[in-house]
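A.B. asks: I'd like to go over a predicted model; first the sequence, then the structure.
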Amino acid sequence: MNSPSIHSRSTRLAFLRAEVKESFFMAMSALAAHKLRSGLTLLGVLVGVFSIIVVMTAMRVMQRNIETELSQLGTHSFQIQKWPAVHFGGPEGFEKYWRRQNITLAQCLRLKEKATLALHVGFETWFWGGEITSRYQKTSPTARLTGQSPGSFPAKNWVIGEGRALTETDVDAAHDVCVLGYGLAKTLFPFGSSLGERVKINGINYSVVGVLEPKGAALGGDQDNFAVIPITTGLNRYGRVWRSLSILVQARDQASYDDTVEQVRGILRNIRKVPPGKEDDFEVFSNDSLITQFKTFTKAVRMGVAVVSSIALIAAGIGIMNIMLVSVTERTREIGIRRAVGAKKRNIMAQFILEAVVLCEVGGVIGVALGILGGNVAGYFLKVSPVIPFDWVVIGLAICSLVGIIFGTYPAFKAANLDPIESLRYE
């Protein structure tokens, strides 16, 4: 009983496919017949889609890179410092951070004693950037020197690949020892192990006691191009009066993470004598909080770009409608002939709407390709693998189709409602 209806549906689908195919080829022929006009018309769509895709691609590249950089802390870890990790305000808002007292080594040691919920507590500061030499090689002047305590290693997710990490004895006695990043060790000692060797940093010799496992590149730099010395050694050599330290804390597990954060915050407020009711005079942040903050900032940028690009697409849509109206006038006789040989109004409408959609999609595809290429230029310089924002590609092409349908409907309606007899008489 259902076979006739199934056959009827399949016939209708086949007819519809043939009609769409015919309309598509007619639309392409019309565009090819007026290359310059079509090119200038789709230029507006191209610019609108390009501006969306290039910004979204660049944002995705930056987001991936920054998430990698921000994820340097170990699991269940957070960091405390005088300055905010990310500041999007102007210089006026930054003044309050300048007025804060520095986080000192004495404060860090007191916090470490009292933070009973923490698994590890470390402290760090960055001292110097320049050239480091060994008896074999020397680095470029971009190598960095940082002072750390033993608790920093697990809190920063640093894994020892060779030798050992810094010890409490190294810190207490301010030993002249260092742990090298993987890249730095390979540069200074290309032919063998660096353990037990001596390196010269800023004219001072240090013994290499360990090498970290490689971390790779982030934000265009090498995360492995640094040396780690005991924080006390660095403070003695490079001064501590104007220097504020960062505190690294690792909770025992995820269940105790929030309690650890609150305990550490309370202890540090007490150490730094922050009055009750006053805001913290330090910043607490983690991987997740930094990534969330970055996404919140980029969301506003994405919304702004979307609004500006939408205006460009609307302007392009108006241009398409004008061109389609001109095309209807030029092809009045063609429309009359099609109606005379049996074409229905919906066939004429489908042809002209599809022509507008094809025009938009051609511009959209070119805009997407150029946008992805342009956005990944940032990834090339940052040494990040190429990113294709598939969601925004789909959104961009869908918007192109929508623009084509909206702004092509009126010209198509006008074409479909032309009087066949008058159309045939049109010269």
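C.D. replies: Yep, that arrived. Numbers count the residues shown, from 1 in each chain.
A.B. asks: what residue is smack in the middle of the protein?
C.D. replies: residue 63 (1.9 Å; CA atoms, centre = their mean).
A.B. asks: which stretches in the stretch 301-427 of the chain count as helices?
C.D. replies: In the stretch 301-427 of the chain, the helices defined using DSSP state H, counting those that start in this stretch lie at 332-340, 345-381, 390-416, 420-425.
A.B. asks: no wait, the chain
C.D. replies: 3-33, 35-70, 91-98, 105-114, 152-155, 168-173, 182-188, 231-238, 257-271, 287-330, 332-340, 345-381, 390-416, 420-425 (DSSP state H).
A.B. asks: which one of these lies nearest to residue 125?
C.D. replies: Ranking the helices of the chain by proximity to residue 125 (CB to CB) places helix 231-238 first, at 6.7 Å. Backbone N, C-alpha and C define where each C-beta goes, glycine included.
A.B. asks: follow-up on the earlier one: quick check, the residue nearest to the centre of the chain in contact with residue 295.
C.D. replies: Yes. Counting by CB atoms under 8 Å, residue 63 touches residue 295, with 7.2 Å between them.
A.B. asks: nearest spatial neighbour of residue 140, skipping sequence neighbours?
C.D. replies: Once flanking residues are discounted, residue 140 sits nearest to residue 131: 7.2 Å by CB to CB, 6 or more residues apart in numbering.
A.B. asks: and the gap between that neighbour and residue 191?
C.D. replies: 20 Å (CB to CB, to the nearest Å).
A.B. asks: shaky segments in the stretch 51-200 of the chain?
C.D. replies: 65-75, 86-94 (pLDDT under 70).
A.B. asks: if we use 80, what do you get?
C.D. replies: Low-confidence segments of the stretch 51-200 of the chain, defined by pLDDT under 80, span residues 59, 62-75, 85-96.
A.B. asks: for the chain, which strand is longest?
C.D. replies: In the chain, with assignment by DSSP state E, the single longest strand is strand 118-130.
A.B. asks: strand partners of it, parallel vs antiparallel please.
C.D. replies: strand 143-148 (antiparallel), strand 246-251 (antiparallel) (DSSP bridges).
A.B. asks: and the angle for it with helix 231-238?
C.D. replies: Angle between the axes of strand 118-130 and helix 231-238 is 30 degrees (criterion: axes from the mean of the first three to the mean of the last three CA atoms, to 10 degrees).
A.B. asks: list the buried residues of strand 118-130.
C.D. replies: Across strand 118-130, burial judged by 16 or more other CB atoms under 10 Å covers 118, 119, 120, 121, 122, 123, 124, 125, 127, 128.
A.B. asks: surely the fourth one is in contact with residue 251?
C.D. replies: No. When contacts are counted by CB under 8 Å, residue 121 is not listed as touching residue 251 (10.6 Å).
A.B. asks: re the thing from before, can you state the direction angle for the longest strand of the chain and helix 105-114?
C.D. replies: Per the same axes, to 10 degrees, the angle that strand 118-130 makes with helix 105-114 is 160 degrees.
A.B. asks: return the distance of strand 118-130 from the chain's centre.
C.D. replies: 27 Å (CA atoms, centre = their mean, to the nearest Å).
A.B. asks: also stretch 45-63?
C.D. replies: With CA atoms, centre = their mean as the basis, the mean position of stretch 45-63 lies at 11 Å from the chain mean.
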